[in-house]
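# Sequence first, then the predicted structure:
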Amino acid sequence: MEWNPETLQNLSQCFLHTLSPSPEPRRAAEKSLAEAAERPNYGLAVLRLVAEPTVDDQIRQAAAVNFKNHLRSRWAPSPDTGSTAILDPEKEQIKALIVTLMLTSTPRIQSQLSEALAVIGKHDFPKSWPTLLPELVANLKQASESNDYVSVNGILGTANSIFKKFRYQYKTNELLLDLKYCLDNFAAPLLEIFLKTAAIIDSTASSGGSAATLKLLLESQRLCCRIFYSLNYQELPEFFEDHMSEWMSEFKKYLTTNYPTLESSNDGLGQVDELRAAVCENISLYMKINEEEFQGYLNDFALAVWTLLGNVSQSSSRDTLAVTAIKFLTAVSTSVHHTLFSGEGVIPQICQSIVIPNVRLRDEDEELFEMNYVEFIRRDMEGSDVDTRRRIACELLKGIATHYKQKVMEIVSVQVQNLLSSFAANPVVNWKDKDCAIYLVVSLATKKAGGTSVTTDLVDVQGFFTSVIVPELQSQDVNAFPMLKAGALKFFTMFRSQIPKLHAFQLFPDLVRFLGAESNVVHSYAASCIEKLLLVKDEDGRARYNSADITPYLPLLMTNLFNALKFPESEENQYIMKCIMRTLGVADISSEVAGPCITGLTTILNEICKNPKNPIFNHYLFESVAVLVRRACQRDPSLISAFEASILPSLQMILQNDVIEFLPYAFQLLAQLVELNRPPVAPNYMEIFKLLLLPESWKRSSNVPALVRLLQAFLQKVPHEITQEGRLSQVLGIFNMLVASPSTDEQGFYVLNTVIECLEYNAISSYIVHIWNALFTRLQKNRTIKFIKSFLIFMSLFLIKHGSVNLVNTMNAVQSGVFLVIVEQFWIPNLKLITGSIEVKLTAVASTRLICESPVFLDGGTLSLWGKMLDSIVTLLSRPEEERVEEEPEMPDIAENVGYTAAFVSLYNAGKKEEDPLKDIRDPKEFLVASLARISTTSPGRYPQIISASLEAANQTTLLQLCNNYNSPIV
């Protein structure tokens, strides 16, 4: 793309149209830009448009956003995206222009170009862009000398972006070399601008300078703090250690100084708080990794942070500062300097002035509870509230309790009782006190090692449950004080293992009742509580609650669950759907229950097909259908036709409308229905089977595992139809396509193994040579450990099903003598890598048959191989998996796999039942020694000699023990 007035005009028009409220010109412009993006120098042309002062600001802003996104997708595109990479000459020109342009742009364009520069820096800096840092430093010096803090902040913002990698990447020699380069070039200029700006702030603040000026200056210091954090994250650099006092004195000043000119407005206070929060993050970092060097400053900072927290209001705009400040105190409390908290009255004061005020519900919490229940639950129940005031205040208490547990428990216990007494005095007014008490007990509970159950030393769980929680759960008005109800349900859920079955199940009708609460959080928590109760196991590993327990409540429970999905905002409530899935997995499903359930589920499915939004809800919906079909049809096979009448139209709609998100689920459910059918399979299934055999059905990699699952179901159910009308050739064509790629080869073997298991030898004999050709080609071109293991399992299955003679002869028909080469180079050395009980048994028995029954191995010319194979069999059967299976040497190709693994989710309840092809052989060890004992009688003395010469000493000992154990001597 050449840069000329015509290009400028065309691009300007396109970007103008992308801002149009009308969809037609907008889509046309987006299409034109997408086509232009394929041409060389497109990115450079857009960047020049951004630099053109005669063009309208709105157009330049749109172009800057497009430029940033263009770089994201094309600077270093991953192979699976199909995007064309920007050519090197264009890259060099972009890098030459972008820094100067960024610094001379308006703030909105500057922020876009700063992000674009960070994209380049992520891939090219410093090795492929050695001029960047010197250019930034030179510009920083120039901007500093002229007190141009708009440019200073632009440069610091860019440096902050490119240095962030030091926070997130693993510590490697390469990363440390990059860090050293950045420190050598930027540490001194950073300190220089930081100290200069600090002096300007002091003089500006004392002389009553403008809020706008102070705001720019404080933002500059905040950016310096963020760069400080990045450059110090991996380890304490020598430069920062040498200049620690200069940094720390300024840090302390920002925690202890007020700036009335700014703090009189919310916007200005937010700016000051952001700087203070950045300082708190820096001192927390030093507390964690540079504790020894930092200890001289610790007392002053602890006092400064404590004092600061006492003055931070409960306003949500100050949450970030409050959280980072409390995190610093928490880091101190768990360190060797915890004695700062041991003074008389310190812990009670922390509890009274920091913990309780931050744990108490605020208006913002109530608003979130009512207006955004998904986010409330994410924070409250699922632990994403780690950066909320409520959670971090309790983390501080936990931190102090590391060294002062008894004292903390005593003080908090008294606080809990005081809060409950306050509630009892006036429940209507003081309900938040009870909520605070429940939250403290729940948040300070600790998980028992190796399990999901929790415990607490704060209260007697059963006593607290009976006196504080049960009254809320038995309240007849499910809509009164919903936040208290939610707290009570959360307590019940968390301590479910400690509540005896008798007491817990007396409340089951109340849980079912709460599903009818109008509050989305309350009916979600009720569903979650029921779902988690059904998972509780007693110490003997048995489920505490079974189908007999829930049968009396089942009709009302299912009715209330489906009704709860009709509440506004809960139409796709994942907690309700998960409870439906869990209940159907436990309950005895009669036809009276199954009918309404399948109708309800397919109605929901038909609705969400129009616009799939919530992948977690969708997954539980399909799991619910699968578990209902599986368990109801196991109990009453006559229900299959009724289920098909309900489900098949929905699945056909997914296929016809190409609902991409649901195709893998639809194929898995179809596989389940096919397996439940008794031959002959209905014509509508055979129509689906014909579609399944078309190559275009397999183009989307996200569908492959589910399509394989469906193909296996057809192979098992209609083997006779497979051999007609050239269908087997189509099936093997699919195998050939799948096995050729490392990302799908395992799926290819699933197809091939099912063909071998389900079809007679005469049906496949004419194709066997083609199968071996495909496998040998892949073995030569791109062998992986995963492929070799699958190949070995296939050969073993072939031998078990069709005999060693057919195995040897068909392989040697491809290339004379290739069988023994494969055995020596692949079978023997990799046998020990096989995992999985069915797979180990299969390969061990097949290998045993090979050396004890195959003429090739009983011939005197292969004695060495015979011994090596036996050695591998003994290793496979006698050593633990972790001893014989090494870490796979190859790294998986992430880019290759991400295509389908991200989109394909297996349905647990529609999974393929693993079949053991050797049900008649109970113990492969016994089979081995019995077979060896039998063949040894034909040539006494021959095999002990081979065993002595070929087996490792440990394996000889193991084999002797096995012979003794099974009374099968080798003579």
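Arrived safely. Bear in mind that the values here come from a model prediction, so they are computed numbers and not experimental data.

# In the chain, where is pLDDT below threshold?
80-81, 383-386, 448-452, 860-861, 886-904 (pLDDT under 70).

# again, only this time at 80
1, 79-82, 314, 382-387, 447-454, 679, 859-862, 882-905, 909-914 (pLDDT under 80).

# Which residue ranges of it form strands?
Using DSSP state E, the strands of the chain run over 446-447, 454-455.

# Output those strands as a markdown table; include the columns distance to residue 586 and mean neighbour count.
Where you see a C-beta, it was placed from the backbone N, CA and C, and this is true even at glycine. Shown next, in a markdown table, are the strands of the chain (distance: least, C-beta to C-beta, whole Å; neighbours: other C-beta atoms under 10 Å):
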| stretch | distance to residue 586 | mean neighbour count |
| --- | --- | --- |
| strand 446-447 | 25 | 11 |
| strand 454-455 | 23 | 14 |
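
# Including distance to residue 365, could those go into CSV?
Shown next, in CSV, are the strands of the chain (distance: least, C-beta to C-beta, whole Å):
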stretch, distance to residue 365
strand 446-447, 24
strand 454-455, 23
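
# Out of these, which gets nearest to residue 787?
Proximity to residue 787, assessed across the strands of the chain by C-beta to C-beta, is greatest for strand 446-447 (41.1 Å).

# partners of that closest one in the sheet?
Sheet pairing for strand 446-447, assigned by DSSP bridges, gives strand 454-455 (antiparallel).

# Figure out which of the strands of the chain is closest to residue 927.
Shortest separation from residue 927 across those is recorded for strand 446-447, at 45.0 Å, computed as C-beta to C-beta.

# what's the longest helix in this structure?
Across the chain, the helix with the greatest residue count (assigned by DSSP state H) is helix 389-425.

# what comes up buried for that one?
Across helix 389-425, burial judged by 16 or more other C-beta atoms under 10 Å covers 389-401, 403-404, 407-409, 411-412, 415-416, 419-420, 422-423.

# same deal with stretch 465-481?
Across stretch 465-481, burial judged by 16+ other C-beta under 10 Å covers 465, 468, 469, 470, 472, 473, 475, 478, 481.

# just stretch 695-710 next, same as before
Buried-residue list, stretch 695-710, by 16+ other C-beta under 10 Å: 697-698, 700-710.

# Tell me the gap between stretch 248-264 and the middle of its chain.
40 Å (C-alpha atoms, centre = their mean, to the nearest Å).

# Can you give me the end-to-end span of it?
Distance across stretch 248-264, first residue to last, is 27 Å (C-alpha to C-alpha, to the nearest Å).

# List of residues touching that stretch?
194-195, 198, 205, 208-211, 214-215, 218, 221, 225, 268-269, 271-272, 275-276, 279-280, 282-283, 297, 300-301, 304-305, 307-308 (C-beta atoms under 8 Å, 6 or more residues apart in numbering).

# Now the two most distant members of the buried residues of stretch 465-481.
465 and 478 (19.1 Å).

# can you pull the contacts of residue 111?
residue 157.

# one step back: what about burial for the contacts of stretch 248-264, which qualify?
Applying 16+ other C-beta under 10 Å to those, the neighbour count classes 194-195, 198, 205, 211, 214-215, 218, 221, 225, 268-269, 271-272, 275-276, 279-280, 282-283, 297, 301, 304-305, 308 as buried.

# if we can go back for a sec, among the buried residues of stretch 465-481, which one lies nearest to residue 605?
Using C-beta to C-beta, the buried residues of stretch 465-481 come closest to residue 605 at residue 478, 28.7 Å.

# how close does that closest one get to residue 565?
Separation of residue 478 from residue 565 (C-beta to C-beta, to the nearest Å) stands at 17 Å.

# With residue 751 instead?
The value you get for residue 751 to residue 565, if C-beta to C-beta is used, is 38 Å.

# Looking only at neighbour counts, state which of the two leads.
residue 751 (22 against 18; other C-beta atoms under 10 Å).

# give me every residue that touches residue 416.
Residue 416 touches 437, 440, 441, 458, 459, counting by C-beta under 8 Å, 6+ apart.

# right, and the third one touches residue 491 too?
Read that as residue 441. Yes. Here residue 441 reaches residue 491: they are 7.1 Å apart, a contact under C-beta atoms under 8 Å.

# in the stretch 451-600 of the chain, which spans are helices?
461-464, 470-473, 482-494, 501-506, 508-514, 520-533, 547-550, 554-564, 574-586, 591-608 (DSSP state H, counting those that start in this stretch).

# Report the distance from the first one to the chain centre.
Looking back up the chat, that one is helix 461-464. Relative to where its chain is centred, helix 461-464 has its mean C-alpha point 36 Å off (C-alpha atoms, centre = their mean).

# Send over that helix as CSV, restricted to the C-alpha atoms.
What follows is helix 461-464, C-alpha atoms only, in CSV (Å, rounded to 0.1, in the frame of the first residue of the first chain):
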residue,chain,number,x,y,z
VAL,A,461,-20.0,-25.1,64.8
GLN,A,462,-23.1,-27.1,65.8
GLY,A,463,-24.1,-24.6,68.6
PHE,A,464,-23.6,-21.6,66.3
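
# Counting by contacts, list what that helix packs against.
Of the remaining helices and strands, none touches helix 461-464 by 3 or more C-beta pairs under 8 Å, 6 or more residues apart in numbering; DSSP states H and E.

# Give me the contact list for it.
Contact with helix 461-464 is made by 441, 455, 495, 498, 499, 500, 503, as judged by C-beta under 8 Å, 6+ apart.

# just the helices of the stretch 451-600 of the chain: most buried one?
Mean neighbour count (mean count of other C-beta atoms under 10 Å) peaks for helix 520-533 among the helices of the stretch 451-600 of the chain, with a mean of 26.

# Can you lay out the helices of the stretch 451-600 of the chain as CSV showing distance to residue 131?
Listed next are those as CSV, based on distance: least, C-beta to C-beta, whole Å:
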stretch, distance to residue 131
helix 461-464, 65
helix 470-473, 66
helix 482-494, 56
helix 501-506, 68
helix 508-514, 65
helix 520-533, 55
helix 547-550, 70
helix 554-564, 61
helix 574-586, 51
helix 591-608, 53
